[in-house]
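Asker: structure for this input, please:
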Amino acid sequence: MILHLVRHPPVSKVWQKRCYGQSDPGLSRDGQKMIAPMVSQLAALKPDAIIHSDLQRTLAIAEPLARSLGVTSTADPHWRERDFGAWEGHTWNAIYRATGNAMDGMVNDPDHYRPGGGETTQALATRVQVAMQNLPDVDCVVVVSHGGPIACAISMQMGASIYRIASLIPSTGSVTVLRF
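Answerer: The predicted structure is shown next:
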């Protein structure tokens, strides 16, 4: 199987310096301009299945892609971004001012640290492992998702430590290819 992991395009400017996790901001103007070229690029792959997280920033790619191919996309919330709890909607600077280096716990204490009372890094990785196990048994799959879940999938494919996930987060609008 070839798995194309697509990180959604950039979100609206007012959210770009904020922790948005499972919040559902729309795309920026630049992000909206990326939709048509991304859909063309992904349609050329002729995927057998299209999966998205169910948040609007992933639907913006998955739905037009599915329409262009005459297929249905599938929502799988396992592919959602990490739940950052009470941090969501706050700027990263405000979070740092309030918590100091505590956010390092996402990397240094992946089994226990819950940013904003949300999801541990291990819980995110376990959720993505379930998503990976639930992928259809076909030749080509496109999953439109988020930085954290994509980094977890890359880490699993590489057999890398959970401590490396933060360094594997792809840029918005990127496509990562994994072969199984």
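
Asker: CA atoms for contacts and neighbours, from now on please.
Answerer: Fine.

Asker: so how far is residue 10 from the spatially most central residue of the chain?
Answerer: Taking C-alpha atoms, centre = their mean, the centroid of the chain lies closest to residue 146, which sits 1.2 Å from it. Residue 146 is 11 Å from residue 10, where distance means C-alpha to C-alpha, to the nearest Å.

Asker: for residue 102, same thing?
Answerer: For residue 102 relative to residue 10 (C-alpha to C-alpha), the value is 26 Å.

Asker: cool, residue 139 as well?
Answerer: 29 Å.

Asker: can you check residue 174 too?
Answerer: From residue 174 to residue 10 the distance is 10 Å (C-alpha to C-alpha).

Asker: neighbour count for these two, which is higher?
Answerer: Using other C-alpha atoms under 10 Å, the more surrounded residue of residue 174 and residue 10 is residue 10, with 21 against 14.

Asker: chain neighbours aside, what residue packs nearest to that one?
Answerer: Leaving aside its sequence neighbours, residue 10 sits nearest to residue 31 (C-alpha to C-alpha, 6 or more residues apart in numbering; 4.8 Å).
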